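Participant: fold the stuff below for me.
(2 chains)
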Amino acid sequence: MHKLYINPLPVRIWHWTNALGFVLLIATGLQIRYLDLIHLVSFRTAVVAHNWIGFVLIANFFLWLGFYLFTDKIKVYHPELSPTKYFRASFRQMQYYGYGIFRGDPNPHHVSVYHKFNALQSMTYQIIMMLVVPVQFFTGVLLWDVTRFAAMVEMFGGVRVVDTVHVLFFIFFTGFIFIHPYLASLSHTPWAHFKAMITGYEEVEDEPEQGAASR
Amino acid sequence: MLLAMVALLLSVPGIAARAEDGDLSKETKACLKCHDKAGLEKKLENQETLSLHVSTKAFVESMHNKNDCEDCHSNIDSKRHGKTKAVIKSKREYSLSMQGSCRECHKKNFAKYEDSLHAALVKEGSKEGRKDAPLCADCHNPHTLGSVKIIQPIAATPCAKCHEDIFKAYSRDVHGLERIAKGKAAPICADCHKTHDVKAASFGDGIRDSCLACHKDVVSAHQGWLPNAALHFEAISCPVCHAPAATRRVNLRLYDSVAKRQVSEKTGVPLFDKRTDAADLKNVGLDERALLSLLKEFNQDGGQGNTVLRGRLEVRSGVEAHQLSEKSKAIKDCDTCHKQGAEPFQSVTLTIASPDGRPLRHGIQKDVLNSLQATESVRGFYAIGSTRIKLLDYALVLVFLAGVGGPLVHMTIKWQFRKVRAKVEAERVAELALANSQAVPGDRRTDDDASK
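Facilitator: Residues are numbered from 1 along each chain as shown, chains lettered A, B, ... in the order given. Presented below is the predicted three-dimensional model:
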């Protein structure tokens, strides 16, 4: 085992702010939408909190974007340009989670500083961070003050359409908030990835041949 | 003492401005000589009795006291008047014939009146028998009239004659009670609905602008506590919250998104009832499909794709719109509307304005507001919680179950494979040990340890 510094401080701040923020957004979102079923806080409190948390997370998003745009760490998001290689790696990763992991096979992805995401993560995170999250923030801002952004709301098909998109992505994030920690627990120990996102250091198993090559 | 008496006289309404009998012209005095006899009346053709009595006292106190009788009754031939019997069909016909006299002096107000809902009803009456639509004399008795805005007691307000139920509600609500207590400072009918250019209260923004004309700071006051306050002002009529005892409904109006106004039916081309009745043969209310195709129909002929539905929350009747309460009793609880099954969303109506501005309505099934299929037709109306799309609720439950169930299933399978994993691990360790022993034959100790 050796340690790799793969989660720099800005990424860790962004991640945990985001994690807490999204949990709160989901909770307040549920309260707003299901006032008949949930009675945690008042509707108004939930709306006001939802708005504020949303704006904090928008700022947080730009912290993330700024960090990756202005450092070479952006390489972790560089896509694999060869479709064959990419799909093969994705298939291997799926095969690992769907079967290999049960047999105790080694994870086909080997973490390194500039290659911390497996093929599935790389694609998923790019879609989430560059499409789903911005659309969610954008629709959220439109709904925050529908009258101020009336022209834009109308352009996108009206408040009902904007809200439906916002709710669809809210449903996605609700699923994500369960799946993501579970997948994060599928390391060599259940807490290894969690610790890595706190300390920044990921414990990486020494591969005999790789270990020899790196020395 | 004398000064006090003068002051007292001046403070009595009507006295100060009153003309004396002596100010009346010789001709007018001559008319009143006969007409100021109580009980003077005339039998009309339709057997109605028309009072011909004009009280001199009331006339000199009226706003017409500077006029002579002949100014209005110019068609009277003084030589033959009273000697030959004039034929009058009915009171209504006589009032109609006198309208022109009012126009002579009150040109501006008459022009406003002609453009009003009241005048539209009069015109309609000439065809279809609406005989109670107000003419000038129905609101303003020409021989006794004072300013309508200062009429005391408030029950004498002419509007109350036709709008009796509404007036009763008004006289008990916050405005009416204040009017009774403080007089002119509080609004009466004409202050909100205007006098001569009165329009259908439900048309356009309705009476909202009248509310805002007096309650100037309310928009910013609401912004202090109400999220999306501007949207609430746009989509909700004031009495929805300020008449807490009222029942409410959703009014989906046909709206021209380019001209930014409510769609009106063209005069002489009544399409709305024909189309809605055809789309709702069982008369159970339009469903989402019928609504969408109806919208397309209105867009095809003349709508040019600009006709949309604009939703608004309003109280269900004019009476309820006049049950305004004190500010402290107004609804501030968001649950009233933002909860599934909330009362305002149990009744939904589709509306077009008739040519005179009055609403033509047809019912819509309330479930339309919760349907994914209505996303296009009801695109501009959405109330969080109460009009949420049901299909998305199912999607959320499904994703939640997948989010929780997926990891649980995965964990279970992983647990069931624990023996396989142990076996594979043992084989791997054995293979590794074998490989090590072949690579370093002399190092027996490590191999032994590994085999243990």
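
Participant: for chain B, which spans come out with low pLDDT?
Facilitator: B:1-22, B:125-130, B:147-151, B:302-303, B:440-452 (pLDDT under 70).

Participant: is residue A:198 located within a helix, as I assumed?
Facilitator: Yes: the assignment for residue A:198 by DSSP: H, G, I helix; E, B strand; the rest coil puts it in a helix.

Participant: what is the burial count for it?
Facilitator: When neighbours are counted by other CB atoms under 10 Å in any protein chain shown, residue A:198 registers 13. Using the backbone N, CA and C atoms, a C-beta is placed for each residue, glycine as well.

Participant: and the spatially most central residue of chain A, what is it in contact with?
Facilitator: Centroid-nearest residue in chain A, with CA atoms, centre = their mean: residue A:125, separated by 5.8 Å. Residues near residue A:125 by CB atoms under 8 Å, 6 or more residues apart in numbering or on different chains: A:77, A:117.

Participant: let's see it at 7 Å
Facilitator: Neighbour list for residue A:125: residue A:117 [criterion: CB atoms under 7 Å, 6 or more residues apart in numbering or on different chains].

Participant: residue B:225: neighbour count?
Facilitator: Residue B:225: 10 surrounding residues under other CB under 10 Å.

Participant: can you tell me the helix or strand for it?
Facilitator: For residue B:225, there is no helix or strand it lies in under DSSP states H and E.

Participant: just read off the phi/psi values of it.
Facilitator: With angles defined as degrees, to the nearest 10, residue B:225 sits at phi -130, psi -20.

Participant: and the spatially closest residue to residue B:237 that is not a sequence neighbour, what are its bridge partners?
Facilitator: Leaving out its chain neighbours, the residue that sits closest to residue B:237 by CB to CB, 6 or more residues apart in numbering or on different chains is residue B:314, at 4.4 Å. For residue B:314, the beta-bridge partners under DSSP bridges are residue B:249.

Participant: confirm for me that residue B:314 is in contact with residue B:243.
Facilitator: No: the pair residue B:314 / residue B:243 is not scored as a contact, 10.5 Å apart, by CB atoms under 7 Å.

Participant: tell me the contacts of residue B:122?
Facilitator: Contacts of residue B:122 (CB under 7 Å, 6+ apart): B:133, B:135.

Participant: tell me how far it lies from chain A.
Facilitator: As for residue B:122, its distance to chain A is 39 Å (criterion: CB to the nearest CB, to the nearest Å).

Participant: how far does the helix ranked longest in chain B sit from the chain's center?
Facilitator: Scanning chain B for the longest helix, with DSSP state H as the assignment, gives helix B:390-416. Computed by CA atoms, centre = their mean, to the nearest Å, the chain-centroid distance of helix B:390-416 equals 47 Å.

Participant: heading C-terminal from that helix, find the next helix or strand.
Facilitator: That would be, after helix B:390-416 and using DSSP H and E, helix B:418-439.

Participant: who are the packing partners of that next one?
Facilitator: helix A:101-103, helix B:444-451 (3 or more CB pairs under 7 Å, 6 or more residues apart in numbering or on different chains; DSSP states H and E).

Participant: quick one on the thing from earlier: okay, now the residue nearest to residue B:237: neighbour count?
Facilitator: Residue B:314 - counted by other CB under 10 Å - has 24 other residues nearby.

Participant: the one 4 residues further on too?
Facilitator: By the other CB under 10 Å criterion, the neighbourhood of residue B:318 contains 15 residues.

Participant: what's the nearest residue to it if we skip its chain neighbours?
Facilitator: Residue B:318 sits nearest to residue B:166 (CB to CB, 6+ apart), 4.9 Å away.

Participant: so what's residue B:425 up against?
Facilitator: Residue B:425 makes contact with residue A:104, according to CB under 7 Å, 6+ apart.

Participant: report the contact partners of residue 35.
Facilitator: Since no chain was named, I'll use chain A. A:43, B:335, B:338-339, B:385.

Participant: sorry, I should have been clearer: chain B.
Facilitator: By CB under 7 Å, 6+ apart, the residues touching residue B:35 are B:52-54.

Participant: now the residues you listed: which count as buried?
Facilitator: Neighbour counting over the contacts of residue B:35 (16 or more other CB atoms under 10 Å in any protein chain shown) leaves residue B:54 as the buried ones.

Participant: can you list the contacts of residue B:35 in JSON lines and add secondary structure and distance to chain A?
Facilitator: Putting the contacts of residue B:35 into JSON lines (DSSP: H, G, I helix; E, B strand; the rest coil; distance: CB to the nearest CB, whole Å) gives the following:
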{"residue": "B:52", "secondary structure": "coil", "distance to chain A": "59"}
{"residue": "B:53", "secondary structure": "coil", "distance to chain A": "58"}
{"residue": "B:54", "secondary structure": "coil", "distance to chain A": "56"}
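
Participant: helix, strand, or coil at residue B:379?
Facilitator: Under three-state DSSP, residue B:379 comes out as coil.

Participant: what pLDDT does the closest residue to it other than its chain neighbours get?
Facilitator: Once flanking residues are discounted, residue B:379 sits nearest to residue A:158: 2.9 Å by CB to CB, 6+ apart. In the prediction, the pLDDT value recorded for residue A:158 is 91.

Participant: about what we covered before: what strand or helix carries the residue nearest to the centre of chain A?
Facilitator: Mapping residue A:125 onto the secondary structure by DSSP H and E places it in helix A:119-127.

Participant: related to what we said a few turns ago, closest to residue A:86 out of the contacts of residue A:35?
Facilitator: Closest approach between the contacts of residue A:35 and residue A:86, by CB to CB: residue B:385, at 42.9 Å.

Participant: need the contact list for the closest residue to the closest one other than its chain neighbours.
Facilitator: Take residue B:385 and drop its neighbours on the chain: the residue closest to it by CB to CB, 6+ apart is residue B:338, 4.0 Å away. Neighbouring residues of residue B:338 by CB under 7 Å, 6+ apart: A:35, A:43, B:383-386.

Participant: if anything else comes up later, I'll come back, but that's it for now.
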